[in-house]
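S.K.: The sequence isn't on hand, but the structure is:
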């Protein structure tokens, strides 16, 4: 094969690979939701909104965001307060017959 043919082949494969990565990345992002359903259990979801309540317990922070309970296990001090706008990514779980999100990631929105 000639160099020109090899370079063209490499470029085509590179473009196809990039397109596949973009499609795969979009399909693996957690779905943004406003309400939790029992069919969401064990799925990752994203919610964002204003903190309406936050309290600290010995091992967790309990946050209410858009009427959805969010549990954050303490690994470090959270500098969040009522009224802050945040985005939470986490896994939906059932606790005491109520759905909640176990937070994996919290971002402060400004």
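M.R.: Structure's in. What do you need? All values reported here derive from a predicted model rather than from experimental measurement. Residues are numbered from 1 along each chain as shown.

S.K.: Tell me which residues are up against stretch 52-62.
M.R.: 63-67, 69-74, 78, 80-82 (CB atoms under 8 Å, 6 or more residues apart in numbering). To be clear about C-beta, it is placed using only N, CA and C from the backbone, and glycine gets the same treatment.

S.K.: per-residue confidence for the residue most central in space within the chain?
M.R.: Centroid-nearest residue in the chain, with CA atoms, centre = their mean: residue 89, separated by 2.6 Å. Note on residue 89: pLDDT of 93.

S.K.: Over to the one 3 residues further on?
M.R.: Predicted confidence (pLDDT) for residue 92: 95.

S.K.: Please apply the same query to the one 10 residues further on.
M.R.: According to the prediction, residue 102 has pLDDT 96.

S.K.: secondary structure element for it?
M.R.: strand 98-109 (DSSP states H and E).

S.K.: how is the protein carved up into domains?
M.R.: 1-29, 33-109 (automatic domain parsing).

S.K.: Comparing the ones you listed, which comes out most buried?
M.R.: Greatest average neighbour count among these goes to domain 33-109 (a mean of 14), per mean count of other CB atoms under 10 Å.

S.K.: how long is that domain from one end to the other?
M.R.: 17 Å (CA to CA, to the nearest Å).

S.K.: so the residue nearest to the centre of the chain is in which element?
M.R.: Here residue 89 is assigned to strand 85-95, by DSSP H and E.

S.K.: Show me what that strand is in contact with.
M.R.: 30, 36, 38, 40-51, 63, 65, 69-71, 80, 99-110.

S.K.: that older thread, now tell me which of the domains of the chain the model trusts least on average.
M.R.: Ranked by mean pLDDT, the domains of the chain end with domain 1-29 at the bottom, a mean of 82.

S.K.: Many thanks, I have nothing further to ask.
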